[in-house]
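[1] Model the following, please.
(one chain, ligands or ions: 3)
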Amino acid sequence: MVDVILGLQWGDEGKGKIVDYFAPKYDIVARFQGGPNAGHTLYVDGKKTVLHQIPSGIFHQHTINIIGNGVVLDPVTFKRECDIVSSFGIDVRKNLYISERTNIIVPTHRALDKASEMQKGESKIGSTLKGIGPAYMDKTGRNAVRAGDLLDKSFTTQYIKLRLKHQKLLDNFHFIEDISAWEEEFFEAIDFLRSFNIVNGEYFINNKISEGKKVLAEGAQGSMLDIDFGTFPFVTSSNTISAGVCTGLGVSPKQINEVLGVTKAYCTRVGGGPFPTELENETGEELRKTGNEFGATTGRPRRCGWIDLVALKYACMINGVTQVVMTKADVLDKFENLDVCTAYIINGKETDQVPFQMTRVQLNPVYKSFKGWNTDTSIVKEAASLPKDMSVYIDFINKYIGAPVKYVSNGPGREQIVAL
Ligand code: GDP
Ligand code: IMO
Ligand code: MG
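    Ligands and ions are numbered 1, 2, ... in the order given. Okay, here's the model as predicted:
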């Protein structure tokens, strides 16, 4: 049986915290897509840590963590992350497995990401520059090296072949940066990675499922960044939605049970691309300040705005969301009024559907206003103590999106979550 936790917006919904909270109920936590573009923030013993590629179940002694075949893994950031996790007294090798089908990010992928973004100029995606796009291109282009290849003596030859191909592309981009230092670091990290359990991920997980073990699939990015269903081309390069769990871990759709979708009580986006409810004013600034909205991976200020129910309902539909977790509700504690987007006006016509593209049309959000709750909710421990005005806000959202908000997260801490 596999449950899923994934983001319903443009990423950074607080997935890491939620996975860490639910992890003790599961035997396995598995990442099924994405790579070091992700930044999942956890508080362990009150100390903040950010995970990029290691699943967010790593701090629980009895939970096995697996990096699935759908992930693109950067050995260099992986090594750095392992050092940080080890400093918490965790034996990373004991409970961490890597699928042999996981694709490896090489230094030239990062260089190509940078070169491609530079060439795009004004229309750049705002990529995290971690090499994600180029690495997935080598997967679908059938050129990639994979974790299982590290154990084969042909690895260096495979790597050199790939590097030569990349060099030609970099020459076309007139990319002249010297990446030899990156390469040195890369080979050190490859040796480190070889010392981990590199396994046949699909047999590993399916055997555990047959034994009755419970698996939690952890998503990265968010549904609106999905390569197929997001705000293309301003998206990431993987399927971030629940369907990605099957291809990213090798489990059958029949195994998928609960799909927990995580949304902020408002909305943010980092990087370029359409964001219908963005507030480029004092209110947006207030959300950024109160919510401490700065990227966990790149430190960039996040764009902020009101919750977008058109996009949220769409995300619930394509994911088959069974339960919603609403995070950062406490950030709205001091706002007098809260707006909620219920429709878009596109080229003069009102719609409640996400269109094919949002960049070449005139799009205006339609809002419904709610009274703020003006209460400190960060100290609340049970549903009965949540303010009435928050219940009104949540009830409206439940009805609109057709999925129930079952948990409200009211602070970054592990214990700050209220079951409704
Ligand atoms: P992820 O990528 O979805 O795991 O989210 P990030 O870690 O990138 O960003 C979420 C940020 O919000 C982090 O700084 C978390 O510590 C913080 N956070 C998570 N849940 C809450 C919450 O309920 N309230 C507040 N105030 N902060 C939260
Ligand atoms: P988590 O898992 C927020 C955004 C980037 C950029 C676009 C493409 O922490 O929610 P990429 O590096 O994938 O080529 O960038 O996607 N992006 C994220 N935004 N949270 C993330 O991950 C993101 N990962 C990528 O900012 O706009
Ligand atoms: Mg994040």
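[2] alpha carbons only for contacts and neighbour counts from here, please
    OK.
[3] What strand or helix carries the residue lying closest to I176 once chain neighbours are set aside?
    Counting by Cα to Cα, 6 or more residues apart in numbering, L170 is the residue found nearest to I176 once chain neighbours are left out, at 7.9 Å. Element membership for L170 (DSSP states H and E) is helix 155-172.
[4] in the chain, which spans are helices?
    15-22, 75-86, 107-120, 132-140, 155-172, 180-194, 201-210, 243-249, 282-290, 309-319, 388-401 (DSSP state H).
[5] Compute the inter-axis angle for the third one and helix 75-86.
    Direction vectors for helix 107-120 and helix 75-86, defined by axes from the mean of the first three to the mean of the last three Cα atoms, to 10 degrees, enclose an angle of 110 degrees.
[6] Same question for the fifth one.
    In terms of direction (the same axes, to 10 degrees), helix 155-172 departs from helix 75-86 by 120 degrees.
[7] for helix 155-172, packing partners?
    helix 107-120 (3 or more Cα pairs under 8 Å, 6 or more residues apart in numbering; DSSP states H and E).
[8] Same check on the third one?
    Packing contacts for helix 107-120, counted by 3+ Cα pairs under 8 Å, 6+ apart, involve helix 132-140, helix 155-172, helix 180-194.
[9] how close does the residue in the stretch 151-300 of the chain that ligand 3 sits nearest to get to Y367?
    Residue nearest to ligand 3 within the stretch 151-300 of the chain: A296 (5.4 Å; Cα to the ion). Relative to Y367, A296 is positioned 30 Å away (Cα to Cα, to the nearest Å).
[10] do E278 as well
    For E278 relative to Y367 (Cα to Cα), the value is 12 Å.
[11] ok, now L164?
    Counting by Cα to Cα, the gap from L164 to Y367 is 53 Å.
[12] hang on, the residue nearest to I176 packs against L112?
    Yes - using Cα atoms under 8 Å, L170 is in contact with L112, at 6.4 Å.
[13] Looking at these two, which has the bigger crowd around it?
    L112 (24 against 20; other Cα atoms under 10 Å).
[14] For that one, which residues are in contact?
    Shown in contact with L112 (Cα atoms under 8 Å, 6 or more residues apart in numbering): G131, P134, H166, L169, L170.
[15] Ligand 1 contacts on this structure?
    Contacts of the chain with ligand 1, taken as Cα under 6 Å from any ligand atom, map to 11-17, 38-41, 291, 296, 327-331, 409-412.
[16] out of the helices of the chain, nearest to T351?
    helix 309-319 (8.8 Å; Cα to Cα).
[17] Write out the residues of the stretch 151-300 of the chain neighbouring ligand 2.
    Counting by Cα under 6 Å from any ligand atom, the stretch 151-300 of the chain sits next to ligand 2 at A220, Q221, G222, V235, T236, V270, G271, G272.
[18] Can you sort out which of these also neighbour ligand 3?
    With the criterion set as Cα under 5 Å from the ion, no member of these is near ligand 3.
[19] what's across from S99 in the sheet?
    V199 (DSSP bridges).
[20] For it, the count of nearby residues, please.
    Counted with other Cα under 10 Å, S99 comes out at 25.
[21] before we move on, what about the one 3 residues further on?
    A count of nearby residues for T102, using other Cα under 10 Å, gives 28.
[22] got a list of what it touches?
    I67, G68, N69, G70, V71, V72, L73, R146, A147, G148.
[23] hmm, 6 Å instead?
    N69, V71, R146, A147 (Cα atoms under 6 Å, 6 or more residues apart in numbering).
[24] Which one (most neighbours) among the residues you listed?
    V71 (28 neighbours).
[25] and this protein, what are its domains?
    Following the assignment in automatic domain parsing, the chain carries domains at 2-102+198-260, 103-193, 263-419.
[26] could I get the ones you listed as CSV with mean pLDDT?
    Converted to CSV, these look like this (pLDDT from 0 to 100):
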stretch, mean pLDDT
domain 2-102+198-260, 97
domain 103-193, 96
domain 263-419, 97
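[27] Return the most buried member of the ones you listed.
    Here the criterion is mean neighbour count by mean count of other Cα atoms under 10 Å, and of these the winner is domain 2-102+198-260, at a mean of 22.
[28] And that one, how far out from the chain middle?
    9 Å (Cα atoms, centre = their mean, to the nearest Å).
[29] got the end-to-end distance for that domain?
    Domain 2-102+198-260 has an end-to-end distance of 11 Å (criterion: Cα to Cα).
[30] Then stretch 396-411?
    First residue to last in stretch 396-411 (Cα to Cα) measures 22 Å.
[31] Please work out which residues outside that stretch touch it.
    Residues contacting stretch 396-411 (Cα under 6 Å, 6+ apart): 313, 323-330, 378, 416-420.
[32] Most widely separated two among those?
    Checking these with Cα to Cα, the most distant pair is K313 and S378, at 26.7 Å.
[33] Would you mind listing the outside residues contacting stretch 201-213?
    By Cα under 6 Å, 6+ apart, stretch 201-213 touches D27, S99, G250.
[34] Any chance of a markdown table for those, columns distance to D395?
    Output for the contacts of stretch 201-213, formatted as a markdown table (distance: Cα to Cα, whole Å):
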| residue | distance to D395 |
| --- | --- |
| D27 | 33 |
| S99 | 42 |
| G250 | 37 |
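[35] Tell me how far W182 lies from I227.
    Going from W182 to I227 by Cα to Cα gives 28 Å.
[36] no, scratch that, I was asking about P233
    8 Å.
[37] what's the answer for S154, then?
    Using Cα to Cα, one obtains 32 Å as the distance from S154 to I227.
[38] OK, contacts around P365?
    Y344.
[39] circling back: would you format the contacts of L112 as TSV with distance to S385 included?
    Formatted as TSV, the contacts of L112 follow (distance: Cα to Cα, whole Å):
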residue	distance to S385
G131	46
P134	49
H166	58
L169	59
L170	58
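[40] so which of the residues you listed also contact ligand 3?
    Okay, of those, nothing touches ligand 3 (Cα under 5 Å from the ion).
[41] Can you verify my assumption that Q255 contacts V4?
    No - counting by Cα atoms under 6 Å, Q255 does not reach V4; the two are 10.7 Å apart.
[42] any residues in contact with both of these two?
    With Cα under 6 Å, 6+ apart, Q255 and V4 have no common neighbours.
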